[in-house]
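*Asks:* Just the structure for this:
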Amino acid sequence: MSEARPPLPPFDADSAIAKVQAAEDAWNTRDPRKVALAYTEDSVWRNRDIFLTGREQIIDFLTAKWERELDYVLRKSLWSFGGNRIAVRFQYEWHDTQERWYRSYGNELWEFDERGLMTRREASINDTVIAESDRRYSAPRPEHERGPGHDIPLG
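*Replies:* Sure thing, here's the model as predicted:
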């Protein structure tokens, strides 16, 4: 049995924002094993057109992702919440081995168990080529840009 990962459902505005920020912080470590601890042992994912089940598949997926998506930096924003579910908008930037830069836009639907572990994650993502000079993010979110009022831009 995994340890609880507060905040726990049911979510209110503050706990949903905290859960989203915790996810952003974890993903910005680019440590697949650390990220996978936020999910149940049998968590199910849809990431674009890839379907995964369980932490080991999540770890393998994230390992390959961050070998391909270099200098990955992510921002997440709470879209909606209710009970044990949260909807998120996100953007991340990265480059490939040929130094081509991308901004990836997406939405995620999350569902949690009573311990605050994610049992289900569905992600829809689109990639846009950008110039390196158009990057918005070069490091994890600084403390002064966290919390309410620090949404990510639409475009």
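*Asks:* Going along the chain, name the strands of the protein.
*Replies:* In the chain, the strands defined using DSSP state E lie at 39-47, 50-53, 70-82, 85-95, 101-112, 118-130.
*Asks:* Could you single out the most deeply buried of those strands?
*Replies:* strand 85-95 (a mean of 20; mean count of other C-beta atoms under 10 Å). Every C-beta, even on glycine, is put in place using the N, C-alpha and C of the backbone.
*Asks:* Okay, buried residues for the helix ranked longest in the chain please.
*Replies:* Ranked by number of residues, the top helix in the chain under DSSP state H is helix 13-28. Neighbour-count burial for helix 13-28 flags 15-24, 26-28 (criterion: 16 or more other C-beta atoms under 10 Å).
*Asks:* re earlier: dump the strands of the chain into a markdown table; add distance to residue 32 as well.
*Replies:* What follows is the strands of the chain, written out as a markdown table (distance: least, C-beta to C-beta, whole Å):
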| stretch | distance to residue 32 |
| --- | --- |
| strand 39-47 | 11 |
| strand 50-53 | 12 |
| strand 70-82 | 12 |
| strand 85-95 | 15 |
| strand 101-112 | 17 |
| strand 118-130 | 14 |
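*Asks:* Which among the ones you listed is found nearest to residue 147?
*Replies:* Nearest to residue 147 among the strands of the chain is strand 70-82; the distance by C-beta to C-beta comes to 10.4 Å.
*Asks:* and the angle from that closest one to strand 85-95?
*Replies:* With axes from the mean of the first three to the mean of the last three C-alpha atoms, to 10 degrees applied, the angle from strand 70-82 to strand 85-95 works out at 160 degrees.
*Asks:* Send me strand 70-82 as PDB with only the CA atoms.
*Replies:* Output of strand 70-82 as PDB, limited to C-alpha atoms (Å, rounded to 0.1, in the frame of the first residue of the first chain):
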ATOM      1  CA  LEU A  70      15.200  17.700 -24.000                       C
ATOM      2  CA  ASP A  71      15.300  20.600 -21.500                       C
ATOM      3  CA  TYR A  72      11.600  20.000 -20.800                       C
ATOM      4  CA  VAL A  73       9.900  22.700 -18.700                       C
ATOM      5  CA  LEU A  74       6.200  22.500 -17.800                       C
ATOM      6  CA  ARG A  75       3.400  24.800 -16.500                       C
ATOM      7  CA  LYS A  76       0.000  23.500 -15.400                       C
ATOM      8  CA  SER A  77      -3.100  25.400 -14.600                       C
ATOM      9  CA  LEU A  78      -6.300  24.300 -12.800                       C
ATOM     10  CA  TRP A  79      -9.300  24.300 -15.100                       C
ATOM     11  CA  SER A  80     -12.000  22.700 -13.000                       C
ATOM     12  CA  PHE A  81     -12.400  20.300 -10.000                       C
ATOM     13  CA  GLY A  82     -15.100  18.400  -8.200                       C
END
